[in-house]
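Trainee: no sequence on hand, only this structure:
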């Protein structure tokens, strides 16, 4: 467990930096993690509800243009990591509140979702 926390923190920082600089979450960071989350949900049933909830919610948001493809791949991964349906719901709500807070400060210009998602995941998983 001690080795996982720094790796997870580095991954979340890399996602945030990429999203701030390029306004995208690269497949090289999101697809392997999503694959791992799906495998994890198949082998650890506690991860499945959060993954499925996030996939449905962000699938609808993506279809309506409310998020990008990187967000659609990242959020189910983060919600599966949270370990429970309640924690996954809290993670998504917290991420949206952080996104809205950032948007309010910048007069509603488009915001990168990666940094608020990363912060919410770090809080949910007990990293920070």
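Mentor: Arrived safely. Quick caveat, the model's predicted, so the values are computed rather than measured. Residues are numbered from 1 along each chain as shown.
Trainee: in the protein, which residue is most central in space?
Mentor: Closest residue to the average C-alpha location of the chain: residue 75 at 3.4 Å, with Cα atoms, centre = their mean.
Trainee: and the pLDDT for that one?
Mentor: Per-residue pLDDT puts residue 75 at 88.
Trainee: which element follows the lowest-mean-pLDDT helix or strand in the chain toward the C-terminus?
Mentor: When the helices and strands of the chain are compared on mean pLDDT, DSSP states H and E, helix 85-105 comes out lowest with a mean of 70. Where DSSP states H and E defines the elements, the next helix or strand beyond helix 85-105 is helix 114-125.
Trainee: list the buried ones in that following helix?
Mentor: Applying a neighbour-count criterion of 16 or more other Cβ atoms under 10 Å, the buried positions in helix 114-125 are 114, 115, 116, 117, 118, 119, 120, 121, 122, 124, 125. The way it works is simple: take the backbone N, C-alpha and C, and place the C-beta from them, glycine included.
Trainee: distance of the last one from residue 83?
Mentor: Pointing back at residue 125 there. In this view, residue 125 and residue 83 are 8 Å apart by Cβ to Cβ, to the nearest Å.
Trainee: got any ranges where the protein has weak pLDDT?
Mentor: 1, 99-110, 126-128 (pLDDT under 70).
Trainee: so who does the residue nearest to the centre of the chain touch?
Mentor: Applying Cβ atoms under 8 Å, 6 or more residues apart in numbering to residue 75 gives the contacts 54, 55, 57, 58, 67, 92, 95, 117.
Trainee: in CSV, list these along with distance to residue 41.
Mentor: Shown next, in CSV, are these (distance: Cβ to Cβ, whole Å):
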residue, distance to residue 41
54, 11
55, 10
57, 16
58, 15
67, 21
92, 16
95, 19
117, 18
